[in-house]
Structure formats: structure tokens, C-alpha cells
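A.B. asks: When you get a sec, could you give me coordinates for this:
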Amino acid sequence: MSITRRDLLKNSATTMGGLALGSALSGCSSSSAQPPGDPTQMNSLLAGLPPYFPGSETLGASEMRISFMGTTCIPMISQAAVSVFVELGNGGCFVFDMGTGSIVKYWAMGINMDKMSKIFLAHLHSDHMGDMPFVYGFGPSYGRLWPLYVWGPSDSNFIYTDPLGNVRGPYPDGTKAYCDALKNTMYWHNESQSFLSTSYADYVIPPYDPNPTLNRIDAYDLVPIELPWKNTGKDAGGNANNDNIAYNFNGVKITHFPAVHCRSAALSYKLEWTTPSGKVLSMIYCGDTLPNNYMIDNAKSGVDVLIHEIVMPASNWVGKMGIDPATHPYAVQQAQNVQDSSHTPQKAYGYILDQIQKQGKAPKLAVGTHFQATDDTIQLAMDNIRKWYPNGDVTIAADTMVLNVTPGGVTKRRAIVSNYAWPRTSTSSPYTTPNRPKYWKTDPTTGQPDGNPTAQLDAVQYAQVIDKSLYNAK
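C.D. replies: Numbering: from 1, shown residues only. Reported below is the predicted structural model:
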């Protein structure tokens, strides 16, 4: 009997649905569907952090805030798929990955789409970009009336010949191909929303636009910036050549370096911000990767926060999905195969941190993410990490965890959020003159252009719409 990755994920979905149902039921009465203190149903690490109230404080001029909006590859009520939001004291905002379900965490944290126009994708797995259609399509409805910029790897150009001589690839599988396909897929959505304004006449094209002569100013302009995924910032002799700079504006430099994950063309990112005080605050974000020396090389100079994926042992992973590892060794082997193509074991993360410390300077805070974080899994992860890295500051990320970074250190907190939070549209846009909508008419009273919300409806069908006066009669 052979269990495929699809079987594992199907079983995972069923199992997680059961856990979610148990959680929902326990919230509907005074009795609990789970035994009190069940370590598989709680995260004491997160619950024990000091509170942070979104919107209650202004970042200092030399302060960085990192918010975890999604922290797992298996979306669940407690954790969305991966996404990290970085805010700087100079007003800069950056999104690293936009995994399935993470948009609701942004809204719960008071972050709306006017701050989500620069997205850096580690790779094109859906747990890293599954909410991109929503962010792109509804951007102008929730405050982003300018283009969406997306950084990510270029085409892999990978070609495979199997033992029978059959050839696969190369495919258009890079960030540009993805963005082009997304834009084509979203025409119905985008046009249907375009009786609203989707751009500003006084918008200033940013300096990071790779081709400003195209005059991309509309919210439905989707601008991919492809990054050469083989580049490391060094030549063959190990000398710096700066061939891995993704972004370098307003004191913020974001570089990329290879991640070794599943298929050619995956990236990790390093953000370095020179603050007004002259101090540099820095973080590394790794989406997924096998443990590798690229990470050690980029982190050993010392970073404030190192965010790195980790994965639990294959037998634990299978057991969490309702499969008895003792009676299903094939399932364990298949899970191990997945991990061997893609992920960093917990103990390996400890080894990486140990090597960073020995070769240079340990991070002020190491964070494990892309991980299903409950008391039992966190304890096992920390035990394994500590085998190699016994003393440095380490934590395991969960949704709504917030890190404040200053030259003096890193503070960990837990955001207090509402399950019923609405998106908050910004009223402080730097732009003041919206362009007329694409579907418009002249207002007979003012003589000015106005949105035409019925322009795209079928005339025959629209004739069947019930007149407002009938249901407004009472």
C-alpha cells in the first residue's frame, strides 16, 4: 500500500476539520469538547506573551514591527498559511508571502490593503500565495488605488527526462507567468468592480517600478519583478558583486538568496534598514528550504530576527493527521520523502543557529515558523533545537505574534484582536484626486463624471429587477 502526498493532504484536511469542529463546539457552551489542558489544543507560549493592542501605538523613528499573519502550511482556525508583515518607523511596509487565509489576520490586526502594495514571494506554493487573488482583486475596494508590486523568483527553466526518455519542462513557472495568469483570470472580477475609481490622477510612480515609462498607475496594474534565483550576491570566487538586490530605496535594502525547496526557483529574503539614528535593523525571512549554507552565510553577520521554517518529524506529522505511524510505515516514508525534498527539521534549525553563532554572530531572536504550533509540538521543537543551540533566544511563531525591534533588542507580544473585525479603509492617503471610474456616466445634477454601477448588467435581466419603491414602501 502506498500513500501519496495527495492522500496525506486529504487526510490532513479531514483531521483538521474535525479539530476545528471540536474547537467551535467547545466555544458554544460551558463544557469543553477537549479535556482541560489538552496540549494538542492550546498554545501556552502565545497565550503567555504580554498583550499588544493594534492601533494603540506609533512606531518610533528607529523601530521595526514584525507581525505574523500566517504561520503554517496547513491552514486552520488558529493559524493561517504563511504571511509576515513588516512595518518600519519611516512608514515603509512590506509583505512577505500571502498564504491562504492570512488576509483575515491582517484585518484583525488593523492592517488594510493600502499598506499591502509591496509583496515578496518566497516561491509559488499556494500556502505562500493563496490569498493573492483576494488582495489583488479587492485592493481598490479597500484602499489601494495604485498598482500591486510583486517580487519573486524567475522561471526555473527546469527540464526533466525520466528513465523512459519522456521530457517534462521547461514551463513558464516564474513570478511574471504567475502574475500574468492571475491578471487574466481576474478580468471578470476586476471589470465588475470598475464602476468605482481605481486610480489617482496625482499618483507618483515609485522609484522601484522597473519600467516607469509604461505609466502604470491603476490598482489593477499587477507589476511582477522577477529575481534571478541562482544569484547569491557573490561571484564564483566568493567576492561580493551585489547581484541579489531586490529592493534598495529610502534606507531599506532587501536582498534575496537561494532556498533549496522542492523544485528549482525558491528564495529567502534579508531586509536591512538603516534607521535615522544610523543603526541598522535587520531580519531574514525564509519561506521553506532544506537546511543549507546560504542561510548561514547570510545570517552570520548578525541579524535582529531570523525567521526560518521548521518541520516536525515525519512520524509525528503522520500521527497528527490521524494515521498510526506504527501500522502505516509507508505513510511515514511518504511524509519523510516530502520533508527530504523541501523542509528543515527542528534539530537542523538548531544546528544552523549553532553554526551561525560559531562562524559569526547569533541572531538576537530566532523564530521557527511554517509550523503547527500547539503545546505538544512546541515542546518537541524546542527540545530538538536546544540539542544544538542551548542558550540563544528562540521562539515558535503563531498568528498574531508581534515583534518590536529596536537597536536595544527584540520584544515579543501577542496581539489582542477581535474575531469580528472589519477591514479599515485608510482616510489618510497621500493622493487627493481620484480618476473617473472606467464605467461612468455624467451626473445630471453636477455635470461631473460618476460611477455607473449598472452599466455592465444585461438589459433583459436588469428589467426583472424589483423596483426599490416596492420594498421601501414600508
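
A.B. asks: Only C-alpha atoms from now on, for both contacts and neighbour counts.
C.D. replies: Fine.

A.B. asks: Okay, helices next: where are they in the stretch 301-450 of the chain?
C.D. replies: 314-320, 329-342, 346-359, 375-386 (DSSP state H, counting those that start in this stretch).

A.B. asks: Which of the ones you listed sits closest to Gln79?
C.D. replies: Across the helices of the stretch 301-450 of the chain, Gln79 has its closest neighbour in helix 375-386 (14.0 Å, Cα to Cα).

A.B. asks: Dump the closest one to PDB, keeping only the CA atoms.
C.D. replies: Taking C-alpha atoms only, helix 375-386 is exported to PDB below (Å, rounded to 0.1, in the frame of the first residue of the first chain):
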ATOM      1  CA  ASP A 375       2.000  22.900  23.400                       C
ATOM      2  CA  ASP A 376       3.000  19.400  22.400                       C
ATOM      3  CA  THR A 377       4.600  20.300  19.100                       C
ATOM      4  CA  ILE A 378       6.300  23.400  20.500                       C
ATOM      5  CA  GLN A 379       7.900  21.400  23.300                       C
ATOM      6  CA  LEU A 380       9.200  18.800  20.900                       C
ATOM      7  CA  ALA A 381      10.600  21.500  18.600                       C
ATOM      8  CA  MET A 382      12.300  23.400  21.400                       C
ATOM      9  CA  ASP A 383      13.800  20.200  22.800                       C
ATOM     10  CA  ASN A 384      15.300  19.400  19.300                       C
ATOM     11  CA  ILE A 385      16.500  22.900  18.600                       C
ATOM     12  CA  ARG A 386      18.200  23.100  22.100                       C
END
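
A.B. asks: That one: which residues count as buried?
C.D. replies: Asp375, Thr377, Ile378, Leu380, Ala381, Met382, Asp383, Asn384, Ile385, Arg386 (16 or more other Cα atoms under 10 Å).

A.B. asks: One more: stretch 243-258?
C.D. replies: Asp243, Asn244, Ile245, Ala246, Tyr247, Val252, Lys253, Ile254, Thr255, His256, Phe257, Pro258.

A.B. asks: The first one reaches Lys230, doesn't it?
C.D. replies: No: taking Cα atoms under 8 Å as the definition, Asp243 is not a contact partner of Lys230, at 9.7 Å.

A.B. asks: and Tyr420, what does it touch?
C.D. replies: Ala108 (Cα atoms under 8 Å, 6 or more residues apart in numbering).

A.B. asks: oh, and call the first residue 12 from now on, that's how I've got it
C.D. replies: Let's use 12 as the start, then, which means that last one is Tyr431.

A.B. asks: Of all the residues in stretch 49-69, which ones are buried?
C.D. replies: Neighbour counts over stretch 49-69 (16+ other Cα under 10 Å) mark Pro50, Gln52, Met53, Asn54, Leu56, Leu57, Tyr63, Pro65 as buried.

A.B. asks: Over to stretch 348-359?
C.D. replies: Gln350, Asp351, Ser353, His354, Thr355, Pro356, Gln357, Lys358, Ala359.

A.B. asks: Tell me the spacing between the third one and Lys245.
C.D. replies: What it means is Ser353. As judged by Cα to Cα, to the nearest Å, Ser353 and Lys245 stand 24 Å apart.

A.B. asks: now swap in the last one and tell me
C.D. replies: With distances taken as Cα to Cα, Ala359 is found 25 Å from Lys245.

A.B. asks: again, but for the first one
C.D. replies: According to Cα to Cα, Gln350 stands 29 Å off from Lys245.
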